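>>> Sequence first, then the predicted structure:
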Number of protein chains: 2
Amino acid sequence: MELIIPLDGQGKTPMYEQIYRYMKKEIRQGNLKAKSRLPSTRALAEHLKVSRSTTQLAYEQLLSEGYIESVPCKGYFVSAIDELVEVQENFPGTFVALEEKKVKGDAVDFSPRGIDLDSFPFNTWRKISKNILVDDNKALFLNGDPQGEYALRESIRNYLHSARGVRCSADQIIVGAGNEYLLMLLSLVLGPGKVIAMENPTYRQAYRVFVSQGYQVIPVDMDKSGMDIRMLEGRERKGLSQAGEAQIAYVMPSHQHPTGIVMPVKRRQELLAWAGRKEGRYLIEDDYDSEFRYKGKPIPALQGMDREGKVIYIGTFSQSIAPAIRIGFLVLPPALMAEYKRKAGFFSSTVSRIDQNILYKFLTEGHYERHLNRMRSVYRAKHDCLMSGLKPFEATFSVTGEYAGLHVLLAHKKGLREEELVDRAQASGVCVYGLSRYFIHPEHNPYRSTVVLGYANLAEGEIKEGLSRLKRAWEIQD
Amino acid sequence: MELIIPLDGQGKTPMYEQIYRYMKKEIRQGNLKAKSRLPSTRALAEHLKVSRSTTQLAYEQLLSEGYIESVPCKGYFVSAIDELVEVQENFPGTFVALEEKKVKGDAVDFSPRGIDLDSFPFNTWRKISKNILVDDNKALFLNGDPQGEYALRESIRNYLHSARGVRCSADQIIVGAGNEYLLMLLSLVLGPGKVIAMENPTYRQAYRVFVSQGYQVIPVDMDKSGMDIRMLEGRERKGLSQAGEAQIAYVMPSHQHPTGIVMPVKRRQELLAWAGRKEGRYLIEDDYDSEFRYKGKPIPALQGMDREGKVIYIGTFSQSIAPAIRIGFLVLPPALMAEYKRKAGFFSSTVSRIDQNILYKFLTEGHYERHLNRMRSVYRAKHDCLMSGLKPFEATFSVTGEYAGLHVLLAHKKGLREEELVDRAQASGVCVYGLSRYFIHPEHNPYRSTVVLGYANLAEGEIKEGLSRLKRAWEIQD
DNA sequence: GGGTATTTGTCCGTATGTATG
DNA sequence: TCATACATACGGACAAATACC
């Protein structure tokens, strides 16, 4: 047999790999039949004028991938490969497909969904992940706890306790892949056919999950303290089409999305009292965005005030770290934990154990705290920049929601319609977002002239530029 | 010689120094006698899962201090050290905490759920993950595509096409966190209140998901070709309590779990015909374990035979890579894609974008193919070891399911009850598992004397030991 | 037909280049 | 710049299989 392998002694690909690839191709294409013998490492080495270990390396690679078999003292032989899987190798070329294309042009996008991407702790994350992925960490590759790694839940518990005043044990925590999944799981635990009250406007993804689970959703208007509690009791709801009385209320007491309203203690107590009045009533506390406050003390979670096991707490690391980190968690009251174990306890966790362990280290080694502090100051700077830049707007707009979170609301005092505001901003190269999109039934939005401005993903320069464009668009005087 | 050197991959002291210190101590204390040979740099490197130059560095240090001597082509040998001068004595005393020992006891566990943990490609995974987590990859931290990264779906499509004969576009693929989540999502897409036929015995996690979604499940008995199709039509089902006629059938044609039955083409066509006969009928093809076959050609997926868009394909990387990698995927027929977009299209993906990109590179750079081939040969070796060790059992048991997958079934010919088999094995220090656990109603298991033996997570020595214990336990003659 | 030279896989120590922090 | 770790490449020693005289 005459093998002529083109070897490039200079190029980037190592010589043994060139031999390996050549052989693999020949075997694949059937030029080298099964059972036929390959030249010995020595013979081939001499033929190609390379060292024996070079040919040896190539053969070892083929061996480890099952293309050939070795018989000591006899030679290497081609395996029967018709059973070998062939994965399409579409090398480099397609890598570009991953890039996000920025289509916005040079528009300033006050998207309320963004977060500051420059501040993701790449190095820390990379380092931790490297340390997690070491060979002696085999246990990581077994099936994990359905509720999530116990150690991670412990550290989440500690964080929730000290930072948010949540009272729970690690056993009550369920780690899962993102808010929506967790709400789905929660629906399973609560059981089908529930009637659920939601603040209006609210976090629409949650609304859609509940609808997808067949829940009946009752939109509840908000006053300045948050959800109008009288409507929960059904007394004042005659105008609305819904029949059932709500059994569950979904609220964001710390910082309502999108209004930014903080629910005062009085209203919280009323809510808890409502939940306590009937068997089977529950409150779902979505502690969205609670990490970022700019004035006053952080408000402890509603869950911490609960003495009767009526509050389901849901939180996430998507906002505070990055949306790509699909890790959130539920804290269930004891009664529901039993339900969970019965109905959904067999569900494997949806979060990779590797990721759970990375997050665990991120939390316990103090990176999370440092990260939050850094982010808080980053966001505060942006927030202050935005607020001072909004001064001239205050004659025309009333600005709300400025104490926390990553966006503010501008309500036009003269009632200019939100579509008009959005369109004129768009025409001047700025994206702002109407409040309607947060209403359960956008057409029933009673506030027709409010827009939302998020600033998390904008640099200070961009914020200033955006505001100056808005001034032109909306004819604001300095 | 068995050297167990406690290595701390992330501590401050370099790994080569840890090896060096350990060796030095052993030599000093006389545990390693003069003239005795040390493991070769290669062998030790492999044993400790480090690079050879790491062990090399350690040996060079020992060499330069005279603790050992090197003989080319033979090895390193311990010097006679009574003549050695002690240079320095800096024993900090605080050796790194020993790894926690395996607490399993010495029972041999033929768990059918295990996979080979030693073969996870740690280095590749770590390297890819490192390359993904670079600062200029900011786009990774935005919200991703709800169906999963497009590029990843493309590469899954390519793999499914060439390896499994699945015909689809990347747009039909939905990536999600594990089988159970995907089945939940699928239930959402199919809508509530369906009646679903499942092979009996089957994959119980799937059964539990469907039940949790309020589906009515009809267990369908199996003949030697798989699901008994007459029962689907409702004609032969009088004995059973179910009322409704199945609209959906959940099957594992390539390698039924746990029976290992491969569905022949004829039965597949009948199934497809059944699905085609009425509007709204669908087949769910769970392509569990299809990667590992030991005899004959791999069987293409049922989905590839479907011309009417009746097959929903579900697959996962949990078996083939590691259960901790919580990534699986659905392939929906076009009609259901529309439903998906309408009902669940707003659900964010449950898999971290980072992980998706790691997997993407793992697929496109050919690592997956290499990994599968390597695993196949690892598993084949274990399989052959088990099968040859089972020869003496064949007088007492009939062995089935040996052509594929990671476990076999042993049916006692004289009808010894499975509890008895399991208990007696247990008493002899072996875990085997009764077939009952796979039945939808375990108490209705008609095969009362069959046990399941998985071998994926056992070394060949353990398999042999386990079998020899089983011989004693079950009184098998050689 | 039995000893011997050769071939072969396998193991070994060694040397150098390269990436990373 | 330097320590650390990994990748690549080289060639010698050996035992088992095999071909040859």
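Thanks, I have it.

>>> In contact with A:L32, which residues are there?
Counting by CB atoms under 8 Å, 6 or more residues apart in numbering or on different chains, A:L32 makes contact with A:23, A:26, A:38, A:78. Just so you know, the C-beta spots here come from the backbone N, C-alpha and C atoms, and that holds for glycine as well.

>>> Kindly reformat those as TSV and extend each row with distance to A:D384, neighbour count and secondary structure.
Listed next are the contacts of A:L32 as TSV, based on distance: CB to CB, whole Å; neighbours: other CB atoms under 10 Å in any protein chain shown; DSSP: H, G, I helix; E, B strand; the rest coil:
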residue	distance to A:D384	neighbour count	secondary structure
A:M23	65	25	helix
A:E26	67	16	helix
A:L38	71	24	coil
A:V78	70	20	strand
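
>>> which one of those residues is nearest B:H412?
Checking those against B:H412 with CB to CB, the nearest one is A:V78 at 41.6 Å.

>>> was I right about A:A58 contacting A:M23?
Yes - if you go by CB atoms under 8 Å, A:A58 and A:M23 touch, sitting 6.7 Å apart.

>>> for the stretch 351-478 of chain A, what spans make up the strands?
In the stretch 351-478 of chain A, strands defined by DSSP state E, counting those that start in this stretch lie at A:397-400, A:407-412, A:430-431, A:433-434, A:450-454, listed in chain order.

>>> Return the nearest residue of the stretch 151-300 of chain A with respect to chain B.
Of the stretch 151-300 of chain A, the residue with the smallest distance to chain B, taken as CB to the nearest CB, is A:A177 at 3.6 Å.

>>> Need phi/psi at that residue.
Here the main-chain torsion angles of A:A177 (degrees, to the nearest 10) amount to phi -80, psi 80.

>>> shaky segments in chain A?
A:1-11, A:81-105, A:134-142, A:234-244, A:295-298, A:445 (pLDDT under 70).

>>> which residues are in contact with the longest helix seen in it?
Looking across chain A with DSSP state H, the single longest helix is helix A:367-390. Contacts made with helix A:367-390 from outside it, assessed by CB under 8 Å, 6+ apart, are listed as A:116, A:119, A:121, A:124, A:128, A:159, A:291-292, A:294, A:320-321, A:361-362, A:397, A:399, A:402, A:406, A:408, A:410, A:453, A:455-456, A:458, A:460, A:463-464, A:467.

>>> out of those residues, which touch chain B?
Counting by CB under 8 Å from any CB of the partner chain, nothing from those sits close to chain B.

>>> which of these count as buried?
Listed as buried from the contacts of helix A:367-390 are A:116, A:119, A:121, A:124, A:128, A:159, A:291-292, A:320-321, A:361-362, A:397, A:399, A:402, A:406, A:408, A:410, A:453, A:455-456, A:458, A:463-464, A:467; burial here means 16 or more other CB atoms under 10 Å in any protein chain shown.

>>> circling back: how about TSV for the contacts of A:L32, with distance to DNA strand C added?
Putting the contacts of A:L32 into TSV (distance: CB to the nearest atom of the strand, whole Å) gives the following:
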residue	distance to DNA strand C
A:M23	13
A:E26	16
A:L38	7
A:V78	12
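
>>> mind giving me TSV with the residues you listed and columns for distance to chain B?
As requested, the contacts of A:L32 are exported to TSV (distance: CB to the nearest CB, whole Å):
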residue	distance to chain B
A:M23	14
A:E26	16
A:L38	17
A:V78	14
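
>>> Looking at those residues, which one is closest to DNA strand D?
Distances from the contacts of A:L32 to DNA strand D were compared by CB to the nearest atom of the strand; the smallest belongs to A:M23, at 14.0 Å.

>>> Could you double-check that that closest one sits in contact with A:Y67?
Yes - counting by CB under 8 Å, A:M23 touches A:Y67, with 7.2 Å between them.

>>> Next, count neighbours for A:P72.
By the measure other CB atoms under 10 Å in any protein chain shown, the count of residues near A:P72 is 5.

>>> all strands for the stretch 201-350 of chain A, in order.
If you assign secondary structure with DSSP E, counting those that start in this stretch, the strands in the stretch 201-350 of chain A sit at A:216-220, A:222-223, A:226-227, A:248-251, A:282-286, A:311-316, A:328-331.

>>> Partner strands of the longest one, with direction?
Partner strands and pairing direction for strand A:311-316 (DSSP bridges) are strand A:282-286 (parallel), strand A:328-331 (antiparallel).

>>> possible to save the ones you listed as CSV with mean neighbour count?
Putting the strands paired with strand A:311-316 into CSV (neighbours: other CB atoms under 10 Å in any protein chain shown) gives the following:
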stretch, mean neighbour count
strand A:282-286, 25
strand A:328-331, 25
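
>>> and of these, who's closest to A:S428?
Closest approach to A:S428 among these (CB to CB): strand A:282-286, 34.4 Å.

>>> what about the closest one, distance to the chain center?
Relative to the mean C-alpha coordinate of its chain, strand A:282-286 is positioned 20 Å out (CA atoms, centre = their mean, to the nearest Å).

>>> quick one: contacts of that strand?
Against strand A:282-286 from outside (CB under 8 Å, 6+ apart): A:179, A:186, A:190, A:203, A:206, A:247-253, A:257, A:271-272, A:275, A:301-303, A:306, A:310-315, A:333, A:336.

>>> What number of residues are in the vicinity of the nearest residue to A:E308 once chain neighbours are set aside?
The shortest distance from A:E308 to any residue that is not its chain neighbour, by CB to CB, 6 or more residues apart in numbering or on different chains, is 5.1 Å, and that residue is A:G276. A:G276 sits with 15 neighbouring residues when counted by other CB under 10 Å.

>>> can you pull out the strands in the stretch 1-150 of chain A?
Taking DSSP E, counting those that start in this stretch as the criterion, the stretch 1-150 of chain A contains strands spanning A:68-71, A:75-78, A:108-109.

>>> pretty sure A:V189 is touching A:L336, no?
Yes - between A:V189 and A:L336 there is a contact at 5.7 Å, judged by CB under 8 Å.

>>> Looking at the strands of the stretch 1-150 of chain A, which is nearest to DNA strand D?
Taking CB to the nearest atom of the strand as the criterion, DNA strand D comes closest to strand A:68-71 out of the strands of the stretch 1-150 of chain A, the separation being 7.6 Å.

>>> so what's the residue nearest to A:I19 when sequence neighbours are not counted up against?
By the measure of CB to CB, 6+ apart, the closest residue to A:I19 outside its immediate chain neighbours is A:A58, 3.8 Å from it. Under the criterion of CB under 8 Å, 6+ apart, the contact list for A:A58 reads A:16-17, A:19-20, A:23.

>>> And the buried ones among these, selectable in ChimeraX?
Paste this into ChimeraX to select the buried members of the contacts of A:A58, with burial taken from 16+ other CB under 10 Å:
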select /A:16,19,20,23
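
>>> Can you narrow the contacts of A:A58 down to the ones near DNA strand D?
Contacts with DNA strand D within the contacts of A:A58, as defined by CB under 7 Å from any atom of the strand: A:16-17.

>>> what about the helices in the stretch 151-300 of chain A?
Using DSSP state H, counting those that start in this stretch, the helices of the stretch 151-300 of chain A run over residues A:178-190, A:204-212, A:265-277.

>>> again but with the stretch 1-150 of chain A, I slipped
Ranges of helices within the stretch 1-150 of chain A are A:15-29, A:41-48, A:52-64, A:122-132, A:150-159, based on DSSP H, counting those that start in this stretch.

>>> Give me the angle between the third one and helix A:15-29.
Interaxial angle of helix A:52-64 relative to helix A:15-29 (axes from the mean of the first three to the mean of the last three CA atoms, to 10 degrees): 40 degrees.

>>> Show me what counts as buried in helix A:52-64.
A:54-63.

>>> As CSV, the residues you listed with distance to A:A425 would be great.
Putting the buried residues of helix A:52-64 into CSV (distance: CB to CB, whole Å) gives the following:
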residue, distance to A:A425
A:T54, 65
A:T55, 68
A:Q56, 68
A:L57, 62
A:A58, 63
A:Y59, 66
A:E60, 64
A:Q61, 59
A:L62, 62
A:L63, 64
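
>>> Lovely, talk soon.
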